[in-house]
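Trainee: quick one, what's the 3D model for this:
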Amino acid sequence: MDDPDLSSDEQIEAEKRRCTKVRDRIERLRIPDPCTRTLIRLVDSELRFLSRLSLSPNISSQICVNTGYLETVVRILEQPFISGVSRVCKPVPLPRSSASKSVIHVDIVCTLNKSPVWFIVSDRNPKCVSWLGFRKQRGLRARVEEVLSAARSAGTLRPDSVFFFFNSGIAEPVSQGLVAEFGALDVSTDFSLLGLDVSEDPDGDWVHVHSLMGLHTQVFQLNVDCVGDGASRSDFGVAGMVSGISGDGVVSVPGDAFSSLILAMRPAIPEASVCEGEMINFDTTALVALVSGISNGGTERLLKMSELELASRFKSNSKFVMDQVESELQRPMLMELRHVLAGKSGIICETVNSEFKELVKMCGGPSEKLRANSLLRHLRLVPDQPSARMMGLPNTRKVALKNKIIFGTGDHRRAPTLTANMGFVRAISQTGMSLLTIEHRPRALTGD
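Mentor: Residues are numbered from 1 along each chain as shown. Okay, the predicted model is just below:
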């Protein structure tokens, strides 16, 4: 840790608090007891080191600790797509016949969608991670060779894939080396879509969000049997491993309807590659509905709130919100929209992009903001380019210029607009114009 705004003593106390929080999260993990004990022992060792450091008369302004590494390991273990954890932060024994070392350190040995995998975790500063090494320090290339060699000879613990998880990222020459020499797949985007876990805070807060991906996090997947140019995302991509893509292209992530819906859509691709009928234009109401806490498991919490709490949180809109809760309980929104959006490519115009970002910034909670970021990464941003026929309509109270731009951009590209703004749709219908739209039920941001 190195915060110029904090004194050394303050940095130490901040690190102690981080360790304590990590320890609490470890105790809530659903992993074997030996793995839990290993993690707690490492955190306690870190706390003892910090306590000794606080008593030292000569404390460096830069305090080197392993808290970030332990946090990263725990965040991975918290993810719902990780199961079958058997070893954590311990060496894996190798057969005596192995030409490599007798043991290899692996941070996580687990199962990912029925496939055995290893995770190698790093929280090092990217400036300290080189490809070929320098002076007496080994480079990442040698480490990767060692891990892959060990993985192939690990017997019953042999993985199908090894994931290198760089919490603070790596420099471009290093990532290029992984891809060029070992056929590594950069699966950072896949993990960012899947790596969102929202749970109740033990202190009674609305939610506690553990995001798997940091701002600079990079994740690379190496297939143990196929290293080199032959590796491909379709064969070994984490999206397929985690989600289980069915024959019709629809992806299923158990217990996470949002990720399942997003991954069922086609990723953002150039417009020239999209056939007519495969594109959907999103207005702001559609984006809000997808990321809303109501659509993403927050109904029970809202139902337990008193009328006073609801009025305090939602002011005069509390009845509007609770009507949406009842609607969600009867017909879950994301399950319906998945059938509409599966296999489709989504677009948003610049007006929707800026309006949605501002709305989420003002009214969205932590998990809604994380879902919003994931959603926007999966949609293609296009210029405001409304059709001439839409812009030919006169501006009125019901046919506002902003909506003409949003719906007109979809009309220009012959893409239906997903919307809950039925007032505008009815107003357009009354003009005699035929407009492609798909109706969805409204949802509000809840601040979760």
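Trainee: hey, what's Ser122 bridged with?
Mentor: Per DSSP bridges, the residues bridged to Ser122 are Phe166.
Trainee: starting at the chain centroid, how far to the helix or strand where Met362 lies?
Mentor: If you go by DSSP states H and E, Met362 is part of helix 350-363. Mean C-alpha position of helix 350-363 versus that of the full chain (CA atoms, centre = their mean, to the nearest Å) differs by 20 Å.
Trainee: contacts for that helix, please.
Mentor: With contacts defined as CB atoms under 8 Å, 6 or more residues apart in numbering, helix 350-363 is touched by 282-284, 287-288, 291, 348, 368-369, 372, 376, 381-384, 402, 405-406, 409, 445, 447. Yep, even glycine has a C-beta here, placed from its N, CA and C like the rest.
Trainee: need the longest helix for this protein.
Mentor: When the chain is parsed with DSSP state H, its longest helix is helix 33-55.
Trainee: need the residues that contact that helix.
Mentor: So helix 33-55 is contacted by 9, 12-13, 15-16, 19-20, 22-23, 26-27, 29, 59, 63, 65-67, 70, 73-74, 85-90 (CB under 8 Å, 6+ apart).
Trainee: let's see 6 Å
Mentor: Defining contact as CB atoms under 6 Å, 6 or more residues apart in numbering, one finds that helix 33-55 is touched by 12, 15-16, 19, 22-23, 26, 66, 70, 85, 88-89.
Trainee: list the buried residues in it.
Mentor: 35-36, 38-39, 42-43, 46-47, 49-50, 53 (16 or more other CB atoms under 10 Å).
Trainee: pLDDT below threshold where in the stretch 51-200 of the chain?
Mentor: Where the stretch 51-200 of the chain drops to pLDDT under 70, the residues are 56-64, 96-101, 113-114, 135-136, 190, 192-200.
Trainee: how about the strands in the stretch 251-400 of the chain?
Mentor: Secondary structure of the stretch 251-400 of the chain (DSSP state E, counting those that start in this stretch): strands at 279-282, 345-349, 380-382.
Trainee: out of those strands, which gets nearest to Pro159?
Mentor: strand 345-349 (33.9 Å; CB to CB).
Trainee: go through the helix holding Met362 and flag the buried ones.
Mentor: 351-353, 355-357, 360.
Trainee: and the angle for that helix with strand 345-349?
Mentor: 80 degrees (axes from the mean of the first three to the mean of the last three CA atoms, to 10 degrees).
Trainee: assign a three-state SS to Arg87, would you?
Mentor: Under DSSP: H, G, I helix; E, B strand; the rest coil, Arg87 falls in the strand class.
Trainee: what of Ile406?
Mentor: Following three-state DSSP, Ile406 is assigned to helix.
Trainee: leaving out chain neighbours, which residue sits closest to it?
Mentor: Asp283 (5.1 Å; CB to CB, 6 or more residues apart in numbering).
Trainee: test my guess that the one you found contacts Thr419.
Mentor: Yes - with contact defined as CB atoms under 6 Å, Asp283 reaches Thr419; the gap is 4.6 Å.
Trainee: who has more neighbours out of the two?
Mentor: Each of Asp283 and Thr419 has its neighbours counted (other CB atoms under 10 Å); Asp283 has more, 27 against 24.
Trainee: can you say which of the contacts of helix 350-363 are buried?
Mentor: The buried subset of the contacts of helix 350-363 - by 16+ other CB under 10 Å - is 282-284, 287-288, 291, 348, 368-369, 372, 376, 382, 405-406, 409, 445, 447.
Trainee: which SSE is Cys130 in?
Mentor: In this structure residue 130 is Ser, not Cys. Secondary structure from DSSP H and E places Ser130 outside every helix and strand.
Trainee: name all residues that make contact with it.
Mentor: Contacts of Ser130 by CB under 6 Å, 6+ apart are Gly139.
Trainee: just the pLDDT at Gly447, thanks.
Mentor: pLDDT recorded at Gly447 is 85.
Trainee: need phi/psi at the closest residue to it other than its chain neighbours.
Mentor: In space, and not counting its chain neighbours, Gly447 is closest to Gly365: 4.2 Å by CB to CB, 6+ apart. Here is the backbone geometry of Gly365 (degrees, to the nearest 10): phi -90, psi -180.
Trainee: closest one to Asn125 among the strands of the stretch 251-400 of the chain?
Mentor: strand 380-382 (32.4 Å).
Trainee: what pLDDT does the nearest residue to Gly346 once chain neighbours are set aside get?
Mentor: Nearest residue to Gly346 in three dimensions, chain neighbours excluded: Leu379, at 4.4 Å (CB to CB, 6+ apart). Here, the pLDDT recorded for Leu379 equals 93.
Trainee: next, give phi and psi for Leu379.
Mentor: Torsion angles, degrees, to the nearest 10, at Leu379: phi -110, psi 150.
Trainee: Gln385 too?
Mentor: phi -150, psi 70.
Trainee: these two touch, right, it and Gly408?
Mentor: No - in this structure, Gln385 is not within contact of Gly408 by CB under 6 Å, at 7.9 Å.
Trainee: more neighbours, these two?
Mentor: Gly408 (25 against 13).
Trainee: check contacts around that one.
Mentor: So Gly408 contacts 386-387, 390 (CB under 6 Å, 6+ apart).
Trainee: excluding sequence neighbours, find me the nearest residue to it.
Mentor: Pro386 is the one closest to Gly408 (CB to CB, 6+ apart), at 2.5 Å.
Trainee: check Arg441 too.
Mentor: Arg441's closest residue in space is Ser327 (CB to CB, 6+ apart), at 5.7 Å.
Trainee: pLDDT value on that neighbour, please?
Mentor: 91.
Trainee: do the same with Asp2
Mentor: 51.
Trainee: what segments of the stretch 1-150 of the chain are strands?
Mentor: 82-93, 103-112, 115-122, 133-134, 137-138.
Trainee: save those strands as CSV, and put in distance to His440 too.
Mentor: Listed next are those as CSV, based on distance: least, CB to CB, whole Å:
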stretch, distance to His440
strand 82-93, 32
strand 103-112, 33
strand 115-122, 36
strand 133-134, 54
strand 137-138, 54
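Trainee: tell me which of those strands lies nearest to Phe320.
Mentor: strand 82-93 (38.2 Å).
Trainee: export that closest one as CSV, just CAs?
Mentor: Taking C-alpha atoms only, strand 82-93 is exported to CSV below (Å, rounded to 0.1, in the frame of the first residue of the first chain):
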residue,chain,number,x,y,z
ILE,A,82,-16.5,-21.5,-8.9
SER,A,83,-17.1,-24.9,-7.3
GLY,A,84,-15.3,-28.0,-6.2
VAL,A,85,-12.5,-26.1,-4.5
SER,A,86,-9.9,-28.6,-3.2
ARG,A,87,-6.8,-26.6,-2.5
VAL,A,88,-6.1,-22.9,-1.8
CYS,A,89,-2.7,-21.1,-1.7
LYS,A,90,-0.8,-24.4,-1.2
PRO,A,91,1.7,-26.3,-3.3
VAL,A,92,0.4,-29.1,-5.5
PRO,A,93,2.6,-32.3,-5.2
